[in-house]
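Visitor: structure of the sequence below:
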Amino acid sequence: MAAETASEREIEWQLDAQDLRLVLRWIEVAAESANGITITPGRTVTNRDTYVDTADRRLDRAGYSVRLRRAGRDAPEATLKSLDGERTDALRIRLELAERLDVDDPAAIAIAPGPVGQRVRSLVGPQKLIPLFDLHTRRRSFPLTADGVPSGELLLDETTIRAHGGAILSRLQRVEVEVPEAAVGVVGPLVESLQKACGLQPAALSKYEAGLAANGHRRADTPAFGPTVVDPADTIGHVALAILRRHFGVMLAKEPGTRLGDDIEDLHDMRVASRRLRAAISLFRDRLPAEAERLRTELAWIGQTIGAVRDLDVQLVQIDEWTAILPEADRDARGRLRAVLVEERARAREEMLQALDSPRYARFVRRFGAMLRTRTGSRTPPARAVAPDLVERRHRGVRKAMQRIGGENDHDGYHGLRIAGKRFRYALEFVSDVYPGQTKPLVRRTAALQDLLGDYQDGHVAIGRLRELAVSRAEDLGPEAVFAMGEIAERYRTGMVDVQGRTERAYDRLRGKTWKRLRKALEAARPETPPVAQTVADAVPEAAPPPS
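Guide: Numbering: from 1, shown residues only. Down below sits the predicted model:
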């Protein structure tokens, strides 16, 4: 599930020019012998572009610009491009997708059936697209060939930036050299010669950014919820809020990628962030406002919604790995199973997008963000006075979970140990800045146990889904695919048995010298007379959570 293919990438150099006449004279001189590349005159067109976004700038925050282009008598074209970070050179490599529209209306982009419309809908949900500004560009093109092979275009742009449907705000002149990936090395020396000869500078802003600036705007800011830095001397309330802010920021940052579905790791990271938020609220419950506990149930709902897609992603990756080593005769049956799982994933994604587009999710984001912005945690005990007890409580949970496992087929027992191990690991990570460098050895050992038990849980979930599909989709799959599903289930069971044999050894590494050494260090750093505990809710008494 790659994020893009080579055909979807725009590769070009962007250079600002004070006077394009200098570039035209350089082209006349260099046309026949510019670094072995032939430059020929092309056509001149006028492009009229309208850039769009939602009122809350969802496309920009997701890292994309979207425009509607009209060029001569051609049908209007919607284009989506990824936005660059800061760069010091002129070369830009960006995702670019285009789609023809039937009507000349920027709002039509959100209902277009092709790749641009689909991505825009995933990112903006029910929000309406509104025009931001217009660009009118007179473009002269000069095709490039190297040894008779087409190798891109040199483009001279004179652009007027306007308020949407209104006055001229600014102008810019730009040289762009767009090439296929195979021609980058060939055309690069030509661009370098052009840049030096004409005194061109790498473009400081994309045209989108220049349009924003001319209209008095800038790129959408990343939401800020308060301090995220932790010092060993901080209060436990400050630590708790800093941890929540960090992972809430990650969850929101991964939401656009989760919505698009191009890279399964974005969804995984968003799910993990929601889990860490729940774990932090549970761990620091007594030092957080009551609103945090109320919102924890909403995080569980979000995690379950995302998790349905993630489980299918994991299963599809595993089936692809197994199919690659199968005899040719067995691959068709597993191919039919894969097709059914892809359908299931599409259905789960649709439900996930409905949840992310819902008023319930918007309300959760608003309430959680308000809570983080209005609290400080200053009136709580020092973190080092409280953290040893929190860590010990989570370690005790791991010990009890291990004791509860009733045998090799105790799926609930292994799942309980996995959850307890995860909570212990998160607790160690949450206080890692309070005890710099001291928690890492045990975090690594706990992560190893988690990985084992995660494989066990993935197998258990996958077997359950295969069993359900064998009953509900038997006619679609056919007998050969159902038989293949039995083979796959057996592979999962074999892996689960292997995990069971290794679990006790991994667990033993959590209760030996490494744990005793850490526990001793935490106690040694504990203040002798911790102050009376107060709740973080006392920190800003005038702040009230927004209504639900």
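
Visitor: centre-most residue in the chain?
Guide: K254 (3.2 Å; C-alpha atoms, centre = their mean).

Visitor: give the next helix or strand downstream of the least confident helix or strand in the chain by mean pLDDT.
Guide: Ranked by mean pLDDT, DSSP states H and E, the weakest helix or strand in the chain is helix 474-508, scoring a mean of 84. For helix 474-508, the succeeding helix or strand toward the C-terminus, using DSSP states H and E, is helix 513-524.

Visitor: now that next one: buried residues?
Guide: Residues of helix 513-524 classed as buried: 515, 518, 522 (neighbour count, 16 or more other C-beta atoms under 10 Å). All C-beta spots, glycine's among them, are computed from the backbone N, C-alpha and C.

Visitor: any idea how far the residue lying closest to the last one once chain neighbours are set aside is from R287?
Guide: It stands for L522. Distances taken as C-beta to C-beta, 6 or more residues apart in numbering put P388 closest to L522, at 4.0 Å, once the chain neighbours are dropped. Taking C-beta to C-beta, to the nearest Å as the measure, P388 falls 15 Å from R287.

Visitor: ok, the two, which is more surrounded?
Guide: Set side by side, P388 and R287 show more neighbours around R287, with 26 against 21, by other C-beta atoms under 10 Å.

Visitor: any idea of the pLDDT on the residue nearest to L169 when sequence neighbours are not counted?
Guide: Using C-beta to C-beta, 6+ apart and skipping the chain neighbours, the partner closest in space to L169 is A214 (4.1 Å). At A214, the model reports a pLDDT of 96.

Visitor: next, A214: phi, psi?
Guide: The phi and psi values for A214, taken as degrees, to the nearest 10, are phi -60, psi -30.

Visitor: contacts only, for it.
Guide: 133, 161, 169-170 (C-beta atoms under 8 Å, 6 or more residues apart in numbering).

Visitor: which among those residues gets closest to L267?
Guide: Nearest to L267 among the contacts of A214: F133, at 33.0 Å, using C-beta to C-beta.

Visitor: the closest one reaches G165, doesn't it?
Guide: No: counting by C-beta atoms under 8 Å, F133 stays clear of G165, with 9.6 Å between them.

Visitor: between these two, point out the one with more neighbours.
Guide: Ranked by neighbour count (other C-beta under 10 Å), F133 and G165 place F133 first, with 24 against 9.

Visitor: moving C-terminal from the helix or strand hosting that one, which element do we reach first?
Guide: For F133, the host element (DSSP H and E) is strand 130-146. Per DSSP H and E, the first helix or strand lying C-terminal to strand 130-146 is strand 149-163.

Visitor: could I get the average pLDDT for that following strand?
Guide: The average pLDDT for strand 149-163 rounds to 96.

Visitor: and what of stretch 444-454?
Guide: pLDDT averaged over stretch 444-454 gives 92.

Visitor: and the contacts of it?
Guide: With C-beta under 8 Å, 6+ apart, stretch 444-454 has contacts from 414-415, 417-418, 421-422, 424-425, 428, 499, 502-503, 506-507, 509-510, 514.

Visitor: buried set for that stretch?
Guide: For stretch 444-454, the neighbour count (16+ other C-beta under 10 Å) marks 445-450, 452-454 as buried.

Visitor: export these to CSV and append columns for secondary structure.
Guide: Below are these laid out as CSV (DSSP: H, G, I helix; E, B strand; the rest coil):
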residue, secondary structure
R445, helix
T446, helix
A447, helix
A448, helix
L449, helix
Q450, helix
L452, helix
L453, helix
G454, helix
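
Visitor: if we can go back for a sec, packing partners of the strand holding F133?
Guide: strand 37-39, strand 44-53, strand 149-163, helix 184-198, helix 207-214 (3 or more C-beta pairs under 8 Å, 6 or more residues apart in numbering; DSSP states H and E).

Visitor: where does this protein dip in pLDDT?
Guide: Along the chain, the model assigns pLDDT under 70 to residues 1-7, 32-35, 85-88, 324-327, 329-330, 408, 529-548.
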